[in-house]
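**Q** Please work out how this folds:
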Amino acid sequence: MPSIKQFQVTFDCAEPERVARFWCEVLGYVLLPPPEGFDSWEEAERSLPPEERGSWSACVDPSGVGPRLFFQRVPEGKVVKNRVHLDVRAGTGLVGEERLATLEAECARLVALGAVRVQLLAADEDNESCIVMQDIEGNEFCLD
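**A** Numbering: from 1, shown residues only. Here you go, the predicted model:
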């Protein structure tokens, strides 16, 4: 039986801190505190070689329930659809018009943060409605 109980989700991106701050706002997460011995991330960054500054950021669920999200700078831009995406669960347990209204309200909040609405996937015989979106660097996620 596996003993792994925790995992993190890693995003490749151009601006790790910017993307981390976006996801903090989406999920109610917080940025990691600066490393021990530093009063701020700015101070910690100054101790690194220039090429390593701003190369990563991470955020965590303050309740300790959700996975850590890690954001690492990569030189190439995003060119194709993600093979893995996050489902942001805003409408859990809701159906029909109540679910759609909840999803639309959350979608408006996320668009104000810089997300992009891609498409509404309407309910069918097997699935409830969800909204496909992109974060501030174009990574797809579902608002469901």
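
**Q** can you map out the strands along this structure?
**A** Using DSSP state E, the strands of the chain run over residues 8-13, 30-31, 56-60, 68-73, 86-88, 116-121, 130-134, 140-143.

**Q** nearest to Arg99, of these?
**A** When these are compared by C-beta to C-beta, strand 130-134 sits nearest Arg99, at 9.1 Å. C-beta coordinates here come from the backbone N, C-alpha and C atoms, glycine included.

**Q** Show me the contact partners of that closest one.
**A** With contact meaning C-beta atoms under 8 Å, 6 or more residues apart in numbering, strand 130-134 is reached by 87, 91, 103-104, 107, 110, 115-121, 140-144.

**Q** between that strand and strand 116-121, how big is the angle?
**A** Going by axes from the mean of the first three to the mean of the last three C-alpha atoms, to 10 degrees, strand 130-134 is angled at 160 degrees with respect to strand 116-121.

**Q** what residue ranges in this protein score low on pLDDT?
**A** 1 (pLDDT under 70).

**Q** Show me the helices in it, by range?
**A** Along the chain, counting by DSSP state H, helices occupy 16-27, 41-46, 96-112.

**Q** Looking at those helices, which one is packed in the most?
**A** Most buried of the helices of the chain, by mean neighbour count (mean count of other C-beta atoms under 10 Å): helix 16-27, with a mean of 20.

**Q** what's that one packed up against?
**A** For helix 16-27, the packing partners by 3 or more C-beta pairs under 8 Å, 6 or more residues apart in numbering; DSSP states H and E come out as strand 30-31, strand 56-60, strand 68-73.

**Q** could you redo the last one with a cut-off of 10 Å?
**A** Helices and strands touching helix 16-27, by 3 or more C-beta pairs under 10 Å, 6 or more residues apart in numbering; DSSP states H and E, are strand 8-13, strand 30-31, strand 56-60, strand 68-73, strand 86-88, helix 96-112, strand 140-143.

**Q** quick one, which of the helices of the chain is nearest to Trp56?
**A** So among the helices of the chain, helix 16-27 is nearest, using C-beta to C-beta, at 5.2 Å.

**Q** Contacts only, for the residue lying closest to Arg46 once chain neighbours are set aside.
**A** Spatial nearest neighbour of Arg46, excluding adjacent residues (C-beta to C-beta, 6 or more residues apart in numbering): Arg53 at 7.9 Å. Listed by C-beta atoms under 10 Å, 6 or more residues apart in numbering, the contact partners of Arg53 are 42, 44-47, 73.
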